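K.L.:
here you go, sequence then predicted model.
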Amino acid sequence: MRNNKSKPVLTFGILQLISKYEPGYLISAFPHMLFSSVLTILGVYFPKLFIGQLESGSKFQRIAVSIGIYIVIMFIVKSVDTFSVHKMNFYREHFSKQIRLRAGEATMALPLCNIEGAAFGDKLAMANNITQIMDAFLILQDIFINFITIAGLSAIILRLDFAFILTVLLVLGVKILFVYLTYYYRKKRRILYAENDRIGSYLENTAYFNQGAAKEIRTDSLIDWFMNKIKCYRQRLLFLQYQDFNRSALFEVISAVILSLQSLVILVSLAKRVMDGIIGIADFTMYFSAVTVLTVTLSSVVSLIGDYNRRQLAVYDFDELSAGALESGTKTEKDLNGLDIVFEDVWFAYPNTDKFVLKNINIRIAEGEKLSVVGQNGAGKTTFIKLICRFYRPTRGRITLGGVDIHDIDKKDYSRLISAVFQDFCNFPFSVRENITMGNTGSVSVFTLGKWIDRLPLGLETYVTRNFSLEGVELSGGEGQKLALLRAMNKNTPILILDEPTASLDPLTESEIYDEYFNIAKNKTTIFISHRLASSTIADHIVLFEDGQIIGYGSHEQLMKDCDTYARMFELQRQGYVKS
């Protein structure tokens, strides 16, 4: 479906998309396109017939028969056309729902590395225009209708003089030039619109729907400051639209002047032929109507093609979005030889940067091992975790699980092996049960960690937040983290990653949670990050990061003896707890 984006030509990516998801729409659209053009041609021909009969003094019965035939034809054509339009409306609504669902699936299937950053926000905003694809197909319908109309009108005009066709083509050439210029202009402008829309959507959602932001805005009296940002966004949008309006208006005025000159030439030419007795009043009416309608139709076709190709750009963006999701999910199935995780000379720099945040990482995490990852902020701990979660590919080297590169393992299979709780965890505004099971059937284990659930109004059926239920509750930071931990523990995977999962808990509660978890997950591989080094003492091994490199590895006792940096960090924290 991908085509060259650089040329404003009539391509059929939209047709392919509709034929894939809703072929019934195309079947219903065909009679509508045919009969709509027939109505236009009949509107040009029958007045000539009636005027000719009146001029020649035909009997009333003959004129009445012609009128009757015209009414019957119009009734049949209009009835079939109306039925087709109703069917199209049904299929259009069904298709719109399907394409929205597909756009959502494609977005959610993309790897994390593809969705971080402003560029993705702009791209997603443009790709989401795919939900307006039916508007684009309506344009395509009008193009086909006009093509049929043009064929019929040209056949009528050619019976008189080919020169009339030349005048029409002259006007058409000017229109094509304007459409060509407008296409390239708007192709560049759509990026500005996407960027502005992304910023505007963020500002409005933050101001009106983000509860955390609502507290900050009200507590710190930020209403005027934030509303000023929203106003700036809207003013920029109006400025962009005003520039586009001025440009379009100029082109339309020039086109109108040329069209008026063409009408003048045709009227004078036809009037001269009537005066010379070459044609009659009936022919004058038909030819003038035919040339006028043909000119307008051709001009409309060119404008429609330009508009269609601008909307076709959304199909290309949607294709790229879908292709990224498809590529991220197509992997080779390979047998694993155990569940050891091995980093082999791994280096990593985030996309569009040259700075390595991980350097020469070589480590083996044995199946069932409890590994604590420690280090100062910015040392590379979370990036280390992100690579294991397959959010990014290493810039150099590779990571294997059971001897197989983790990026060669099927995405769903890998998901069944690993669960994680991140420091920026997210609970959803559904019931506590749904937040734990995430659609999986079976019983829910709440362990000691979930004692607080019994105090909720509806227990496991209590909704988190009041977004969807008036009986919902707002969880504390600690309860939210415990809920995220319960979700990971109930997933029951052989590998669990904990990225500071207890940051909102006091040291005593944190210690109790780790003790309970390690008792439950005796045979599971656990990798956890914690700034509280006391929790690391229960791990089998500790890995210490500094400036993206591993500078210490071993048990707590080994590092206290052999690694001065770790010993100093541990002692400073211990003294802090003693003083507090």
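P.N.:
Cool, got the structure. Residues are numbered from 1 along each chain as shown.

K.L.:
show me the domain layout of the protein.
P.N.:
Domains of the chain are assigned by automatic domain parsing as 13-325, 341-427+475-579.

K.L.:
need those domains in JSON lines with distance to residue 460, mean pLDDT and mean neighbour count, can you?
P.N.:
Yep, even glycine has a C-beta here, placed from its N, CA and C like the rest. Shown next, in JSON lines, are these (distance: least, Cβ to Cβ, whole Å; pLDDT from 0 to 100; neighbours: other Cβ atoms under 10 Å):
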{"stretch": "domain 13-325", "distance to residue 460": "23", "mean pLDDT": "72", "mean neighbour count": "16"}
{"stretch": "domain 341-427+475-579", "distance to residue 460": "10", "mean pLDDT": "86", "mean neighbour count": "17"}
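
K.L.:
turn those domains into a markdown table, including distance to residue 436.
P.N.:
Formatted as a markdown table, the domains of the chain follow (distance: least, Cβ to Cβ, whole Å):
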| stretch | distance to residue 436 |
| --- | --- |
| domain 13-325 | 20 |
| domain 341-427+475-579 | 5 |
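
K.L.:
the closest residue to residue 541 other than its chain neighbours: what secondary structure?
P.N.:
Leaving aside its chain neighbours, residue 541 sits nearest to residue 371 (5.4 Å; criterion: Cβ to Cβ, 6 or more residues apart in numbering). Using DSSP: H, G, I helix; E, B strand; the rest coil, the structure places residue 371 in strand.

K.L.:
do you know how far residue 371 is from residue 458?
P.N.:
Per Cβ to Cβ, to the nearest Å, residue 371 is found 38 Å from residue 458.

K.L.:
repeat that for residue 446.
P.N.:
In this view, residue 446 and residue 458 are 14 Å apart by Cβ to Cβ.

K.L.:
which residues touch residue 37?
P.N.:
Going by Cβ atoms under 8 Å, 6 or more residues apart in numbering, residue 37 touches 145-146, 148-149, 152.

K.L.:
make CSV out of those residues and add distance to residue 561.
P.N.:
Listed next are the contacts of residue 37 as CSV, based on distance: Cβ to Cβ, whole Å:
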residue, distance to residue 561
145, 84
146, 85
148, 88
149, 90
152, 94
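
K.L.:
surely residue 552 is in a strand?
P.N.:
Yes: counting by three-state DSSP, residue 552 is part of a strand.

K.L.:
what's across from it in the sheet?
P.N.:
Residue 552 has the following beta-bridge partners by DSSP bridges: residue 544.

K.L.:
right, and it touches residue 536 too?
P.N.:
No: using Cβ atoms under 8 Å, residue 552 is not in contact with residue 536, being 11.3 Å away.

K.L.:
intersection of neighbour lists for those two?
P.N.:
residue 542.

K.L.:
can you pull out the helices in the stretch 1-150 of the chain?
P.N.:
Ranges of helices in the stretch 1-150 of the chain, per DSSP state H, counting those that start in this stretch, are 13-21, 23-55, 60-109, 112-115, 118-127, 133-158.

K.L.:
ignore what I typed, I meant the stretch 301-450 of the chain.
P.N.:
With DSSP H, counting those that start in this stretch, the ranges of helices along the stretch 301-450 of the chain come out as 381-388, 411-415, 432-437.

K.L.:
how about CSV for those helices, with distance to residue 66 added?
P.N.:
Below are the helices of the stretch 301-450 of the chain laid out as CSV (distance: least, Cβ to Cβ, whole Å):
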stretch, distance to residue 66
helix 381-388, 78
helix 411-415, 69
helix 432-437, 70
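
K.L.:
which of those helices sits closest to residue 346?
P.N.:
Using Cβ to Cβ as the measure, helix 381-388 is the one of the helices of the stretch 301-450 of the chain that comes nearest residue 346, at 6.9 Å.

K.L.:
nearest to residue 238, of the contacts of residue 37?
P.N.:
Of all the contacts of residue 37, residue 146 has the smallest distance to residue 238: 33.1 Å, by Cβ to Cβ.

K.L.:
check contacts around that closest one.
P.N.:
37, 297-298, 300-301, 304.

K.L.:
redo those residues as a markdown table? Include distance to residue 276.
P.N.:
Below are the contacts of residue 146 laid out as a markdown table (distance: Cβ to Cβ, whole Å):
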| residue | distance to residue 276 |
| --- | --- |
| 37 | 33 |
| 297 | 29 |
| 298 | 28 |
| 300 | 33 |
| 301 | 34 |
| 304 | 38 |
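
K.L.:
just those: which are in strands?
P.N.:
Per DSSP state E, strands hold no members of the contacts of residue 146.

K.L.:
what's the closest of those to residue 16?
P.N.:
Distances from residue 16 to those, taken by Cβ to Cβ, are shortest for residue 304, at 18.9 Å.

K.L.:
residue contacts, that closest one?
P.N.:
139, 142-143, 146.

K.L.:
do you know how far it is from residue 154?
P.N.:
Residue 304 sits 18 Å away from residue 154 when distances are taken as Cβ to Cβ.

K.L.:
list the contacts of residue 74.
P.N.:
By Cβ under 8 Å, 6+ apart, the neighbours of residue 74 are 39, 42.

K.L.:
biggest helix in this protein by residues?
P.N.:
Longest helix of the chain, by residue count under DSSP state H: helix 223-275.

K.L.:
which strands or helices does it pack on?
P.N.:
With contacts defined as 3 or more Cβ pairs under 8 Å, 6 or more residues apart in numbering; DSSP states H and E, the packing partners of helix 223-275 are helix 162-209, helix 281-329.

K.L.:
quick one: that helix to chain centroid distance?
P.N.:
31 Å (Cα atoms, centre = their mean, to the nearest Å).

K.L.:
go on, stretch 454-471?
P.N.:
Counting by Cα atoms, centre = their mean, stretch 454-471 is centred 32 Å from the centre of its parent chain.

K.L.:
per-residue confidence for the nearest residue to residue 487 once chain neighbours are set aside?
P.N.:
Closest residue to residue 487 apart from its sequence neighbours, by Cβ to Cβ, 6+ apart: residue 436 at 5.1 Å. On pLDDT, residue 436 comes in at 90.
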